[in-house]
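Novice: Have a look; sequence and predicted model below, questions after that.
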Amino acid sequence: MKVRTRFAPSPTGFMHIGNLRTALYAYLYAKHNGGDFILRIEDTDRERFVEGAIDVIYSTLKKSGIEHDEGPDKDGGVGPYVQSERKDLYKKYAEELVARGGAYYCFCDKERLAGLTDDKGVRKYDKHCLHLSKEEVAAKLAAGVPYVIRQNIPEEGMTEYEDMVYGTIRVPCADMEDEVLLKSDGMPTYNFANVVDDHLMKISHVIRGNEYLSSTPKYNLMYDAFGWERPRYMHLPPIMKDAQRKLSKRYGDANFEDFIAKGYLPEAIVNYIALLGWAPKSNQEKMTLNELIELFDESGVNKSPSVFDEVKMKWLNGLYIKEMPEEEFLREATPWFEKSAAKGYDYALLAKLLQGRIEIFGEIPEKVSFIEEYGPVNPELYFHKKLKTDAVVAKELLPYAVDVLKNAPFDNASLFDAFGAMCEEKGIKKGQLLFVLRAAITAVASTPGGATEMAVLFGREETLRRLDEAIKQL
RNA sequence: GGCUCCUUGGUCAAGCGGUUAAGACUCCGCCCUCUCACGGCGGCUACAGGAGUUCGAAUCUCCUAGGAGUCACCA
């Protein structure tokens, strides 16, 4: 049987990391097994529908490299792929299930239902309407009494299934309620739509968050009642913000777009989240999407929740940045330069200096802020323990730099060599001179390049001006 | 509360009856070095607790504790 997995988000806003990971795993599993990955939009709850949310789903998937084989925009013959467009279907199947004894009409109103709630605030429907005769049901239907269709779950016995990551899940039927399958507005509940759609779309493996772990037995009972083959299930542990709280869009800090805006690379995000809850046998950490496809398998999936660690994702992103081709880095960095203190400077030079020094593009502005914030040089900046320099040394050495800066060809290699020659001639320690020079012309403790590189960045004139100012201050 | 599930360093995570309990991030040293970073080397820190089973348990069983999920005409 061909492997077919699906990602079935509801369009309620941004795509957060947990959702993306679910999509990723479903995609990886399908591709690893030469199968298809289907996108289905679950919008049966129109109250929560958010305008534009579907576009966010498309764009996130696209940027992540997760390409669906079928979906609303790619018909594979089992559509439509949007639940609200399948409305009529569900009713028909609900009725079929009633005919098969797996479900029944229920006319109970809210008041009666409320009366069923026990002292703990927990309610279990009492199958009241299950015992209505055919005639009674027909009469109420004819009279237009509002109704729902409920699943008819056996009152006793056990039901079990084999989860691909959690193993055997066994639940007593008595603990499950006869859930509503078809709402009074004619729309299916998620529970029902899911089962019908997954079957009709020939989904072989249902991969989703483990909040469904304990309701899955109910779904299985539906498959059984329909006489359909049950799919395989892979439930995934949640991604946490910390030990107690699940990562959710409520915290606003965990959606894909936010990370992109901070200067993360999509492939790094995907790589990182693949690692939350799964590890390859080799324990390799940096993997391309294709490598992930090749290595992904359910035996590497964890059962316990994992905490999202942005620090580590940053590190991974840094790895991706370091191995970008220079031109690509420059292209990606340019928009960041444009809105920073580096605006108007030599972007190619800055890119070269910065590529090995940042982990996300968002760090660029702070790294180059020294360019325009030049002011009085704090004497302490001349202090360096190992180089044995301080303001006194700076006052002595700085003047030696003036001639070189005035006369040497103004490129990094030439300047560096010229300073080397001069230092040797005068018996000065090059490291000391260059250190105090860098401090003098940048006025900050650390910069993305050494003295000569900073000088080239500023240009001869500006460098001399700054040096002059710094010397006067001493 | 019932049901289902989870528990290896601060975090991610190997491990599936015999290991000095990997590796990665973070942090701290050292080296490299025109500052910072990169890189290299090294270090700190873990099997939730208790009973079993076994010659032997992080690995199997049970109990306890802690945590999560679920119990909607939401998905």
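Specialist: Looks like it came in fine. Residues are numbered from 1 along each chain as shown, chains lettered A, B, ... in the order given.
Novice: could you give the mean pLDDT of stretch A:14-26?
Specialist: Averaged across stretch A:14-26, pLDDT comes to 93.
Novice: Is that stretch in proximity to RNA strand B?
Specialist: No: if you take C-beta under 7 Å from any atom of the strand as the test, stretch A:14-26 misses RNA strand B, and the best it gets is 9.8 Å. All C-beta spots, glycine's among them, are computed from the backbone N, C-alpha and C.
Novice: same check, this time on stretch A:236-250
Specialist: Yes: Stretch A:236-250 reaches RNA strand B (C-beta under 7 Å from any atom of the strand) through A:Pro238, A:Met240, A:Ala243, A:Gln244, A:Lys246.
Novice: Would you mind checking these for buried ones?
Specialist: Buried members of the residues of stretch A:236-250 next to RNA strand B, counted by 16 or more other C-beta atoms under 10 Å: A:Pro238, A:Met240, A:Lys246.
Novice: The closest residue in space to the last one that isn't next to it in sequence and A:Leu354, how far apart?
Specialist: The shortest distance from A:Lys246 to any residue other than its chain neighbours is 4.9 Å, reached at A:Pro238 (C-beta to C-beta, 6 or more residues apart in numbering). A:Pro238 sits 36 Å away from A:Leu354 when distances are taken as C-beta to C-beta, to the nearest Å.
Novice: Return the residues in contact with the closest residue to RNA strand B within the stretch 301-450 of chain A.
Specialist: Nearest to RNA strand B, among the residues of the stretch 301-450 of chain A, is A:Gly450, at 2.3 Å (C-beta to the nearest atom of the strand). Counting by C-beta atoms under 8 Å, 6 or more residues apart in numbering, A:Gly450 touches A:Leu434, A:Arg438.
Novice: Quick one, grab the pLDDT at it.
Specialist: For A:Gly450, the model assigns a pLDDT of 97.
Novice: now the helices: where do they sit in the stretch 301-450 of chain A?
Specialist: A:310-322, A:326-338, A:347-354, A:364-368, A:391-407, A:412-426, A:430-442 (DSSP state H, counting those that start in this stretch).
Novice: Which of those helices sits closest to A:Ile471?
Specialist: helix A:391-407 (5.2 Å; C-beta to C-beta).
Novice: The closest one - what's its average pLDDT?
Specialist: The average of the pLDDT scores along helix A:391-407 is 96.
Novice: Tell me the gap between that helix and the middle of its chain.
Specialist: 51 Å (C-alpha atoms, centre = their mean, to the nearest Å).
Novice: shaky segments in the stretch 101-250 of chain A?
Specialist: For the stretch 101-250 of chain A, applying pLDDT under 70 flags the ranges A:119-121, A:249-250.
Novice: Output the residue of it whose distance to RNA strand B is smallest.
Specialist: For the stretch 101-250 of chain A, C-beta to the nearest atom of the strand, closest residue to RNA strand B: A:Tyr190, 3.0 Å.
Novice: hmm, back to that, now, which of the buried ones among the residues of stretch A:236-250 next to RNA strand B lie within strands?
Specialist: Among those, the residues falling in strands (DSSP state E) are A:Met240.
Novice: Same list (the buried ones among the residues of stretch A:236-250 next to RNA strand B) but as a markdown table, adding distance to A:Ser446.
Specialist: Below are those laid out as a markdown table (distance: C-beta to C-beta, whole Å):
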| residue | distance to A:Ser446 |
| --- | --- |
| A:Pro238 | 40 |
| A:Met240 | 35 |
| A:Lys246 | 38 |
